[in-house]
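Chemist: Build me a structure from this.
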Amino acid sequence: MINLALYSDQIIPANAVIDQRLLALMAHKNLGNRIGYIPSGPEPTRQFFHERKAYYARYDLDLCHFHETDEGENGAAIDALFACDAIHLAGGHTRGYLERLKSNDLAAPLRSWALEGGLLIGTSAGAILMTPTIATDALFSNNRPEDVRDGDALDLLPFEFFPHLNANSSYREELVRYSRITQRPIIACNDGDGLVVTDGVVETIGAAVWIGAGTSRDLAPGPIMKV
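Modeler: Okay, here's the model as predicted:
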C-alpha cells in the first residue's frame, strides 16, 4: 500500500502538524529513522541537504544518505538509497528534477519502491513528482499546464498536485481554468499544508483545495479517498 507525505513547503513552523502525521506514519509502519535524500539539481555545497538534515534531526530522524544524481553513482549507492527507511524528494526546478531522475534510471525504481510500500517524502517539486504529471508546475513560470509535453511523472496518485497556492492570488483561477481541460482532479495547498497517504488512504492536512471540472472547493482536514 502506498505511503507518502506531500509538503507544499517544509521547514516553516506551520508544517508541524504534517511533521507529526509523518512521524505517526513511520511509527505505524514500524520504520526506523534513516532517510535518504535525492537533490533536485547540483548541490556542490550540500546547503539544502544540511538544512533538511537539521530539520529532521529535531525529530530524531537521520538524513543519512545524499544521493548524487549527476555523477552516475554505482550500485552500492543505489542499494544504500533504497536501504533507507524513507526517501526525501527535494524541492527545486521540477522539470530538471524529472529529467535527472529519468536520465539516471531512478524514476522507475522509485515508483516501484513506493508501490511496494516504501515511504516517499516530497517537498514542492518533489511532491509534484509523485503525481501523474508535472503539468501544474508550468504556472510558476507563467505558462499553461496544458502545453506541457513529456511531463509524465511517478504516477502514484490519481490526481495532480499544486503547492504554494497562497503565493499568487491568480493561481486558483488558473487551476480552475486548467481543470476544464484535464480529466484528473487537482489538489492545491498553501505553504504549511499538505497531504499524507497512509496505506493508500489520502489525508489532507490544513486548508487543501479540490479543483476539478471547472470548479473548486475547500477541503476539511482529514481522509478524502483511498488509492
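Chemist: in this structure, which spans are strands?
Modeler: 3-7, 34-38, 62-66, 86-89, 119-123, 160-162, 186-188, 194-198, 201-205, 209-212, 215-218, 222-226 (DSSP state E).
Chemist: all helices for this structure, in order.
Modeler: Along the chain, the stretches classed as helices by DSSP state H are 16-28, 47-57, 75-82, 94-103, 107-115, 125-128, 171-179.
Chemist: Just put these in JSON lines and tack on mean neighbour count and mean pLDDT.
Modeler: Bear in mind the C-beta positions are built from the backbone N, C-alpha and C, glycine included. As requested, the helices of the chain are exported to JSON lines (neighbours: other C-beta atoms under 10 Å; pLDDT from 0 to 100):
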{"stretch": "helix 16-28", "mean neighbour count": "16", "mean pLDDT": "97"}
{"stretch": "helix 47-57", "mean neighbour count": "16", "mean pLDDT": "97"}
{"stretch": "helix 75-82", "mean neighbour count": "13", "mean pLDDT": "91"}
{"stretch": "helix 94-103", "mean neighbour count": "19", "mean pLDDT": "96"}
{"stretch": "helix 107-115", "mean neighbour count": "16", "mean pLDDT": "97"}
{"stretch": "helix 125-128", "mean neighbour count": "26", "mean pLDDT": "98"}
{"stretch": "helix 171-179", "mean neighbour count": "18", "mean pLDDT": "98"}
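Chemist: Take those and write them to TSV, including distance to Val209.
Modeler: Below are these laid out as TSV (distance: least, C-beta to C-beta, whole Å):
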stretch	distance to Val209
helix 16-28	16
helix 47-57	26
helix 75-82	33
helix 94-103	20
helix 107-115	24
helix 125-128	15
helix 171-179	7
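Chemist: For Pro39, which of those is the nearest?
Modeler: With distances scored as C-beta to C-beta, the stretch of the helices of the chain nearest to Pro39 is helix 47-57 (6.8 Å).
Chemist: Quick check: which helices or strands does the closest one pack against?
Modeler: strand 34-38, strand 62-66 (3 or more C-beta pairs under 8 Å, 6 or more residues apart in numbering; DSSP states H and E).
Chemist: Burial-wise, tell me which of these comes out on top.
Modeler: Highest mean neighbour count among the helices and strands packed on helix 47-57 (mean count of other C-beta atoms under 10 Å): strand 34-38, with a mean of 21.
Chemist: Each with direction, which strands does that one pair with?
Modeler: strand 62-66 (parallel), strand 86-89 (parallel) (DSSP bridges).
Chemist: Just send these back as TSV, with mean pLDDT and distance to Ser112 too.
Modeler: Supplementary listing: those in TSV, determined by pLDDT from 0 to 100; distance: least, C-beta to C-beta, whole Å:
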stretch	mean pLDDT	distance to Ser112
strand 62-66	97	18
strand 86-89	98	12
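Chemist: which one of these lies closest to Lys29?
Modeler: strand 86-89 (9.2 Å).
Chemist: contact partners of that closest one?
Modeler: 26, 31, 34-38, 40, 52, 63, 81, 97, 110, 113, 118-123, 125-127, 129-130 (C-beta atoms under 8 Å, 6 or more residues apart in numbering).
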